[in-house]
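Engineer: heads up, no residue letters with this:
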């Protein structure tokens with residue numbers, strides 16, 4: 001593996017164009033490659049890398065490509081997205097009152113909807129296209145190890 005190639009991906013994941021989930025239905029959905037495989041990072045409020053800003057790193061390793069995988073996160077469906085679970089746990093759940101938790105238990109409050117709204121308002125992404133799964137996994141492991149200046153706060157050890 002050429003280290004220059006890994007460095008190129010890391011550069012794109014931290015300094016590449018920032019895409020907002022709030023713009024998904026407009027230009028972002030059309031500009032995000034449908035079938036291309038790659039690596040992506042999720043950023044809180046689009047900030048530059050630090051412990052608070054870098055939320056998540058992921059790779060495509062299924063048939064859904066970058067657009068499908070990012071759309072899965074955008075929807076906030078916690079049964080489909082580890083990032084959505086962590087965003088709900090870290091940003092939404094702590095703000096709920098006891099009364100709201102009762103309404104969650106009776107399905108009057110939909111945590112997936114709250115997660116989707118939060119992601120739309122506060123989360124952006126960057127991506128780098130890479131066809132080789134082996135390379136995508138290597139770049140992902142470098143990001144998880146802190147090569148972007150911080151470790152992603154929403155990746156859970158052993159979860160994919």
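Structural biologist: Yep, it's here. None of the values given here were measured: they were computed from a predicted structure.

Engineer: tell me who's in contact with the spatially most central residue of the chain.
Structural biologist: The centroid of the chain falls nearest to residue 42 when counting by CA atoms, centre = their mean (3.7 Å). Neighbour list for residue 42: 54, 55, 56, 57, 58, 73, 83, 123, 124, 125, 152, 154 [criterion: CB atoms under 8 Å, 6 or more residues apart in numbering]. Where C-beta positions appear, they are placed from N, C-alpha and C, glycine not excepted.

Engineer: give the bridge partners for it, please.
Structural biologist: For residue 42, the beta-bridge partners are residue 56, residue 125 (DSSP bridges).

Engineer: that older thread, out of the contacts of residue 42, who's nearest residue 89?
Structural biologist: The nearest member of the contacts of residue 42 to residue 89, counting by CB to CB, is residue 154 at 8.4 Å.

Engineer: about what we covered before: quick one: which of the contacts of residue 42 is nearest residue 21?
Structural biologist: Nearest to residue 21 out of the contacts of residue 42 is residue 123 (CB to CB; 5.4 Å).

Engineer: fine, thanks again, bye for now.
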